[in-house]
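Peer 1: Below: sequence and its predicted model.
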Amino acid sequence: MRKTLGLENIMKLIVEAVNFIRAKGINHREFKHVLTEPDSEYGDVLYFTAFRWLSRGAVLKRVWMLREEMSCFMDEKGNKVPEFQNPVWLSDFAFLVDITTHLNSLNSTLQGAAVKNNFSNFSELRSMEIPDRKRFARIVSHLIEEFKTRFADFRREDQKIMLLTQLFCFDVQCASDGIQLELLDLQANINFKKKFREVKLDEISKNLSILDF
């Protein structure tokens, strides 16, 4: 589904931008200060990796509203994101915000029908006498499972992005069995931890084969 939408790079960049602000305490404190200034009408940016894909419509919306503040802040930090000034990229991002909002709404509607036999949002079906609501609930439950399967690649991508951006906070149990020991060694390496904080992520990742899991 990610490849069908062709928006996988949008999601990756947004997650990296948010985590850049949140991963380092001083960045986060300074950004919160920016958002308390009179010109900013928004509160703190939400933490991306704590949310599953289908609940992210609101998170993406939040980032969309904060895009100008985030762009200026990251420019000042020497981590410029040119995509924030690219109208084509911004159009793709806007579409992603809208589509996830609609999908989230659809998921809530389907969950209500499947769990509570509540078909109040099914306007045409509601006009009919329904002898067996459970049958339709089973169909909707099947659709929900299909929905989850279609978006499974986003959840897998989340783990990769979180491992890359927050290596020393990453839960080792969430990593594949083949890299858990190596990950523990890295997290215990004080020198590497210092270097991780000092250099850009793309420079570190060039020498980290374990990220390809």
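Peer 2: Looks like it came in fine.

Peer 1: Show me the domain layout of this protein.
Peer 2: Following automatic domain parsing, one finds the domains of the chain at 1-166, 167-211.

Peer 1: rank these by pLDDT, which is bottom?
Peer 2: If you rank those by mean pLDDT, domain 167-211 sits at the bottom with a mean of 62.

Peer 1: ok, longest helix in the chain?
Peer 2: helix 87-116 (DSSP state H).

Peer 1: Specify the next element, helix or strand, located C-terminal of that one.
Peer 2: helix 123-126 (DSSP states H and E).

Peer 1: helices and strands around that next one, which ones?
Peer 2: The helices and strands touching helix 123-126, judged by 3 or more C-beta pairs under 8 Å, 6 or more residues apart in numbering; DSSP states H and E, number zero. No exception for glycine: its C-beta is placed from N, CA and C like everyone else's.

Peer 1: Let the chain start at 455 from now.
Peer 2: Sure thing, new numbering starts at 455, so read that last one as helix 577-580.

Peer 1: And for that helix, what's in contact with it?
Peer 2: Helix 577-580 is contacted from outside by 573-574, 590, using C-beta atoms under 8 Å, 6 or more residues apart in numbering.

Peer 1: Most neighbours among the residues you listed, which one is it?
Peer 2: Ranked by neighbour count (other C-beta atoms under 10 Å), the contacts of helix 577-580 have Phe573 at the top, with 18 neighbours.

Peer 1: Kindly provide the distance from that residue to Thr563.
Peer 2: Counting by C-beta to C-beta, to the nearest Å, the gap from Phe573 to Thr563 is 9 Å.

Peer 1: quick check, nearest of the contacts of helix 577-580 to Arg516?
Peer 2: Nearest to Arg516, judged by C-beta to C-beta, of these is Ser574 at 28.6 Å.

Peer 1: follow-up on the earlier one: show me what counts as buried in the longest helix of the chain.
Peer 2: 543, 546-547, 550-551, 554, 557-558, 561, 563-564, 566-568 (16 or more other C-beta atoms under 10 Å).

Peer 1: what helices or strands is that helix leaning on?
Peer 2: Packed next to helix 541-570, using 3+ C-beta pairs under 8 Å, 6+ apart, are helix 462-477, helix 511-519, helix 587-604.

Peer 1: Next, the buried residues of the first one.
Peer 2: Yep, that's helix 462-477 we're talking about. Quick answer for helix 462-477 (16+ other C-beta under 10 Å): 464-465, 467-477.

Peer 1: Return the member of the contacts of helix 577-580 nearest to Met524.
Peer 2: Out of the contacts of helix 577-580, the member with the shortest distance to Met524 (by C-beta to C-beta) is Ser574, at 38.4 Å.

Peer 1: quick revisit: helix 462-477 and the longest helix of the chain, what's the angle between them?
Peer 2: Here helix 541-570 points in a direction 90 degrees away from that of helix 462-477 (axes from the mean of the first three to the mean of the last three C-alpha atoms, to 10 degrees).

Peer 1: Determine how far the last residue of stretch 576-591 lies from the first.
Peer 2: From its first residue to its last, stretch 576-591 covers 12 Å (C-alpha to C-alpha, to the nearest Å).
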